[in-house]
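Enquirer: Got a predicted structure here, sequence first:
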Amino acid sequence: MSKIFKQNSTTRSQNRVSQNRVDQTLVHENRANTRGEHTGKRRSGGNLLTLFALTAMVLVSSLTATPVQANSKYAALVMDAHTGKILHSRNADLQRYPASLTKIMTLYMLFDALEHRKVSMSTRMRTSRRATHQAPSRLGLKRGETIRVDEAIKALVTKSANDVATVVAEHLAGTESAFARKMTRRARELGMTRTRFMNASGLPNRRQLTTARDMSKLGLAIRADFPDLYHYFSTKSFRWKGRKYKNHNNLLGKYDGTIGIKTGYTRASGFNLVAAIERNNRYVIAVVLGGKKAKSRDRQMVSLLDQHLHRAIARAPGGTRLANAPKPMKRPASLMAAPTVAMLAAAEMGRENPSIAAVPLMATNNIPLASPVTKPNAESPLTAKAFYALAQARAATAKMGELIISPAHASLPLEERSGSTLPNRNRHIQLRSNEFSEDPLTTGSISTAARQLPASTRRSSALPGLANAAPTTRLRLAPTKRKTGPLFSENSWIIQIGAYTDASQAVDSIRAAMAAAPAELRTAVPITVPVLTDEMTLYRSRFGGFETETTARKACGRLARANLSCIAIPPSGWAAPKYASVD
């Protein structure tokens, strides 16, 4: 409907232009006729041809008119929030003025401060002289007056109060300009590569720019990162000093499934809207920028949602795929026991870890050695933080030694599993260790498996002492103060980001995930779980150690924004909700 409205508006404008041209032509011809010049049939035929050409131009332009032609500020994007797939895009990467959509990032920063306990909902923030001088819309705060954090959140969501935005900025960063720099840095972390913030409110600034694509990323991120606070964006009204302020988002309560998020307007930007819709287990983020009127912007948004919402993938509520758990899922014993590679320190995060002298090997067909590889530093065990640093470094190469390799069939003793075979060209060797202990490890011979490998592969081993080890060398872990310990609690959640036929691909996926979600995965334990099928071995890439479902989902949400798949796996004994499914 809005498209037709814009086309009609464009047609009327073009009709007026064309009609003016026709009038001018006729006036000229009438004057010529009154002077007795060119009064013959040839001139009459020329008039008819001119009229016909102009009429044809009007008809063609009316048929081809689009919202983009009618409005140079227009931009739009519709994204399936479950998958990151773009369902519709128009001028999505062209920079526009965000106006009060800026306050979504202001709220993101405030939510982050709440999560890190820098403020609480009852914290009172003081109004400065500068805040009182902000242009409308304003809440009307007086200099020295205070406002609670929970009140500020509601004022930003509903009234879109510019004075409150400045109060928040100054409370969190000292000055609004410093806060804006932090906003821009956070935007980069969220993948908003074409966005720059110059203030906390969205008031006009020619350097404050964004795109429809960047705003969709922000709309997705703020819910994924702060699921417990996101409900504020559905606030319909807010009372302050006896006055009631209504939310400017007209889709709330009127368009089925609307759960947020925010509007914005300045004369330079036009009417903007970021909307989040959740209906029938479908979840969509949509952005419209540069509307000429609030009503036409809303009509355009509804039109886009009507066209594309049904194309989104239906998934379990929460935006993260849940693995089915019809009965309690038991964690593989080897996953919960000490790690099976030298980099077991990744699970401990700051605790004292054993230094690595060497790790035993035995012939099996589960885990191939990665190549090329580099020996880890025995004096400085690789932690999860160190792994993250490697993942961030462009020059870092994928190394199996940087992961914790966990056998999948935990119900069978390792010795029984070693009998399974694959074609000789796929023979691998398995890394193995006992629990943390001061006692020497009982080892198997490496002669059979090692001799089947090319010399270059043996030389590039990831493990200290392996390249030059004699076939029957006994390998051991150096003494440690800690005798035993799990990688993470059995009550913790795991996320899986993929399953691969090649172990090196599993490593690459771990590295990509660490780079895409550094904050969410910094303390998680990277692991690969080999699964031996009838025809092949699959390698599952996982991260363990998430204390709550929320943190697991938050990590999945961040990975989804980077177009990485993610499945949340419940802890042992967890009862899956009836709606949980994998589609």
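Expert: Perfect, I can see it now.

Enquirer: List the buried residues of the strand or helix carrying Val531.
Expert: According to DSSP states H and E, Val531 maps onto strand 525-532. Buried residues in strand 525-532, counted by 16 or more other C-beta atoms under 10 Å: Val525, Pro526, Ile527, Thr528, Val529, Pro530, Leu532. Using the backbone N, CA and C atoms, a C-beta is placed for each residue, glycine as well.

Enquirer: and the next element down the chain from that strand?
Expert: Reading on from strand 525-532 to the C-terminus, the next helix or strand found by DSSP H and E is strand 537-546.

Enquirer: residues in contact with Leu538?
Expert: Ala499, Tyr500, Thr501, Pro530, Val531 (C-beta atoms under 8 Å, 6 or more residues apart in numbering).

Enquirer: any idea which helix or strand carries Ser137?
Expert: Short version, using DSSP H and E: Ser137 is in no helix or strand.

Enquirer: What's the local residue count around it?
Expert: 18 (other C-beta atoms under 10 Å).

Enquirer: give me every residue that touches it.
Expert: Applying C-beta under 8 Å, 6+ apart, we find Ser137 in contact with Lys159, Ser160, Ala161, Asn162.

Enquirer: separation between Thr528 and Thr550?
Expert: 25 Å (C-beta to C-beta, to the nearest Å).

Enquirer: Likewise for Arg194?
Expert: 30 Å.

Enquirer: Could you find the closest non-adjacent residue to Thr263?
Expert: Computed as C-beta to C-beta, 6 or more residues apart in numbering, the closest residue to Thr263 that is not its neighbour in sequence is His248, at 4.4 Å.

Enquirer: Excluding chain neighbours, what is closest to Asn250?
Expert: Spatial nearest neighbour of Asn250, chain neighbours left out: Asp298 (5.3 Å); criterion: C-beta to C-beta, 6+ apart.

Enquirer: mind checking the SS state of that neighbour?
Expert: Secondary structure for Asp298, judged by DSSP: H, G, I helix; E, B strand; the rest coil, is helix.

Enquirer: Now tabulate the buried residues of strand 525-532 in JSON lines and tack on pLDDT and distance to Phe488.
Expert: Putting the buried residues of strand 525-532 into JSON lines (pLDDT from 0 to 100; distance: C-beta to C-beta, whole Å) gives the following:
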{"residue": "Val525", "pLDDT": "89", "distance to Phe488": "6"}
{"residue": "Pro526", "pLDDT": "91", "distance to Phe488": "12"}
{"residue": "Ile527", "pLDDT": "88", "distance to Phe488": "10"}
{"residue": "Thr528", "pLDDT": "85", "distance to Phe488": "15"}
{"residue": "Val529", "pLDDT": "83", "distance to Phe488": "14"}
{"residue": "Pro530", "pLDDT": "85", "distance to Phe488": "19"}
{"residue": "Leu532", "pLDDT": "76", "distance to Phe488": "24"}
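
Enquirer: Present the residues you listed as TSV; the columns should include distance to Gly557.
Expert: Compiled in TSV, the buried residues of strand 525-532 are given as follows (distance: C-beta to C-beta, whole Å):
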residue	distance to Gly557
Val525	19
Pro526	19
Ile527	21
Thr528	23
Val529	23
Pro530	28
Leu532	32
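
Enquirer: Name the nearest of the residues you listed relative to Lys154.
Expert: Val525 (39.1 Å; C-beta to C-beta).

Enquirer: which ones are touching Ile86?
Expert: Neighbouring residues of Ile86 by C-beta under 8 Å, 6+ apart: Leu77, Val78, Met79, Asp80, Ala92.

Enquirer: Leu252 now?
Expert: Going by C-beta under 8 Å, 6+ apart, Leu252 touches Ser234, Lys236, Thr258.

Enquirer: can we see that at 10 Å?
Expert: Phe233, Ser234, Thr235, Lys236, Lys246, Thr258, Ile259, Gly260, Ile261, Ala275 (C-beta atoms under 10 Å, 6 or more residues apart in numbering).

Enquirer: cool, Asp112 as well?
Expert: Asp112 neighbours (C-beta under 10 Å, 6+ apart): Lys118, Leu172, Lys182, Arg186, Ile222, Asp225, Phe226, Leu229, Ala519.
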